[in-house]
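Chemist: Prediction below, plus the sequence it came from.
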Amino acid sequence: MKCEWVKDNIVFYIYDELPDDSRYELEQHLTRCATCTFELKAARKVHTALSALPVQEPSPNLVAASRMRLQEALETAEQGKWWHRLVFDPAAWLHQVRFSPALAAVIFIVGFAGGIGATYQIVRANGGAAGVASAPSVRPAEASIAGIRSISQEPGSNQVSIKYDTVSTEEAQGSLNDQRIQQLLLFAARSNYNSGVRLDSVDVLTQDSNDSRVREALIYALRYDSNPGVRLKALDGLSGFVKNDVRVRDAVLEALMNDANPGVREDALHLIEPVRADSSVRSVLEKLAANDKNEYIRSQSRNILAEMPEFD
């Protein structure tokens, strides 16, 4: 066993993440190597210092935003490198599995999920079930949803059809008042990797923006969604609550100040006109009127301020 490998895996050793055989080999190496023993002591000091610090729980919005950024990064990541290593360097791959409990766990989970999928297909084939499940009796748990494939609404009604992926693609149908439908719509608005599906979801959710959970999802979409069309649709859904909901007002002001899309900023500016007398709104308008880079935003802010009465 080389010192380089020991130094790379000391952290796993401290956190009890090494398999038994690797742990034994590392401990045997430490009895013979003073340099690696010193490295272990230093790493343990850092671990002790970090353990003394309070653990900060991330907010739900931060977790959801991080997941969305990860999904978008995966969409644009180069493909094929992992499979290249698997096919052309099996010895290195097996060595990595041997010394990586996390990777081994992932392989186990994937295999387990594949077994469930195969069993599901056999049972469905033997039972003669249809390929699409209409309004399943068991509400899908958010943790089991892999993604939302599509959302469609029957014209002139509040009936919504949502196809979503678990082990296989399933479909749920019901009215906007159906708790299952609401759950899937909220999941799609926050987490789906397909911007078109997020747009459809937010579009449907705007019809029920009186619900506090829906409003939270629209605020989240306005703040964090990477697609300007989704942010514009979220603004439309929040438009009726700028006056009476401070959270909505703050989110709209934030979009007005910081959004990268001029169209989103202009819509946000129009939404705050009815509450221009609010001190926070007035403060933002004064900043925009003084030095905003967008000429339209700057001139409109000045016009709104000019129509307001002066305060001593």
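Modeler: Thanks, I have it.

Chemist: going forward, measure contacts and count neighbours with C-alpha atoms only.
Modeler: Noted.

Chemist: so how many other residues sit close to the closest residue to Asn294 other than its chain neighbours?
Modeler: In this structure, Asn294 finds its nearest non-sequential neighbour in Pro262, 7.9 Å apart by C-alpha to C-alpha, 6 or more residues apart in numbering. If you count neighbours by other C-alpha atoms under 10 Å, Pro262 ends up with 15.

Chemist: Tell me how far Pro262 lies from Pro155.
Modeler: Here Pro262 is placed at a distance of 31 Å from Pro155 (C-alpha to C-alpha, to the nearest Å).

Chemist: what do you get for Val252?
Modeler: For Val252 relative to Pro155 (C-alpha to C-alpha), the value is 30 Å.

Chemist: Those two: which is more packed in?
Modeler: The residue with more neighbours, out of Val252 and Pro155, is Val252; 28 against 8, by other C-alpha under 10 Å.

Chemist: The residue nearest to Pro228 when sequence neighbours are not counted: neighbour count?
Modeler: Leaving aside its sequence neighbours, Pro228 sits nearest to Asn261 (C-alpha to C-alpha, 6+ apart; 6.6 Å). Asn261 is flanked by 15 other residues according to other C-alpha under 10 Å.

Chemist: Double-check Asn261 against Ser226; I have them as touching.
Modeler: No - Asn261 sits out of contact with Ser226 when judged by C-alpha atoms under 8 Å, with a separation of 10.3 Å.

Chemist: ok so, going back, gap between the residue nearest to Pro228 and Gly174?
Modeler: Counting by C-alpha to C-alpha - Asn261 and Gly174 are separated by 35 Å.

Chemist: And for Ile181?
Modeler: Where Gly174 is concerned, Ile181 sits at a distance of 6 Å (C-alpha to C-alpha).

Chemist: elements contacting the helix or strand encompassing Leu184?
Modeler: Here Leu184 sits within helix 179-191, counting by DSSP states H and E. Secondary-structure packing of helix 179-191 (3 or more C-alpha pairs under 8 Å, 6 or more residues apart in numbering; DSSP states H and E): helix 60-76, strand 147-153, strand 159-165, strand 169-175, helix 195-205, helix 212-224.

Chemist: Show residues contacting the second one.
Modeler: Contacts of strand 147-153 from elsewhere in the structure, counted by C-alpha atoms under 8 Å, 6 or more residues apart in numbering, are 159-166, 184, 188, 191-194, 197, 200-201, 204.

Chemist: If any of these are buried, give me the ChimeraX selection for them.
Modeler: In ChimeraX, a selection of the buried entries from the contacts of strand 147-153 looks like this (16 or more other C-alpha atoms under 10 Å):
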select :159,160,161,162,163,164,166,184,188,191,192,193,194,197,200,201,204
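
Chemist: what's the neighbour count on Arg231?
Modeler: 26.

Chemist: now do the one 5 residues further on
Modeler: Asp236: 17 surrounding residues under other C-alpha under 10 Å.

Chemist: Report pLDDT for the residue nearest to Pro228.
Modeler: Looking at Asn261, its pLDDT is 91.

Chemist: next one: the one 10 residues further on
Modeler: On pLDDT, Leu271 comes in at 91.

Chemist: Contacts only, for it.
Modeler: Leu271 neighbours (C-alpha under 8 Å, 6+ apart): 239, 242, 252.

Chemist: buried stuff in the helix holding Leu184?
Modeler: Neighbour count says helix 179-191 has 180-191 buried, by 16+ other C-alpha under 10 Å.

Chemist: ditto for stretch 256-275
Modeler: 256-257, 259, 264-269, 271-273.

Chemist: Please apply the same query to stretch 43-61.
Modeler: Buried, per 16+ other C-alpha under 10 Å, within stretch 43-61: 43-44.

Chemist: Can I get it as CSV, trimmed to CA atoms?
Modeler: Provided in CSV are the C-alpha atoms of stretch 43-61 (Å, rounded to 0.1, in the frame of the first residue of the first chain):
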residue,chain,number,x,y,z
ALA,A,43,-6.8,15.3,9.8
ARG,A,44,-8.3,14.2,13.1
LYS,A,45,-7.6,17.7,14.6
VAL,A,46,-9.5,19.3,11.7
HIS,A,47,-12.3,16.8,12.1
THR,A,48,-12.6,17.6,15.9
ALA,A,49,-12.6,21.4,15.2
LEU,A,50,-15.3,21.0,12.6
SER,A,51,-17.4,18.8,14.8
ALA,A,52,-17.5,21.5,17.5
LEU,A,53,-19.2,24.0,15.1
PRO,A,54,-23.0,24.1,15.0
VAL,A,55,-24.6,22.4,12.0
GLN,A,56,-26.5,24.7,9.8
GLU,A,57,-29.6,23.3,8.2
PRO,A,58,-30.1,24.5,4.6
SER,A,59,-33.4,26.1,3.7
PRO,A,60,-35.9,24.3,1.5
ASN,A,61,-35.4,27.0,-1.2
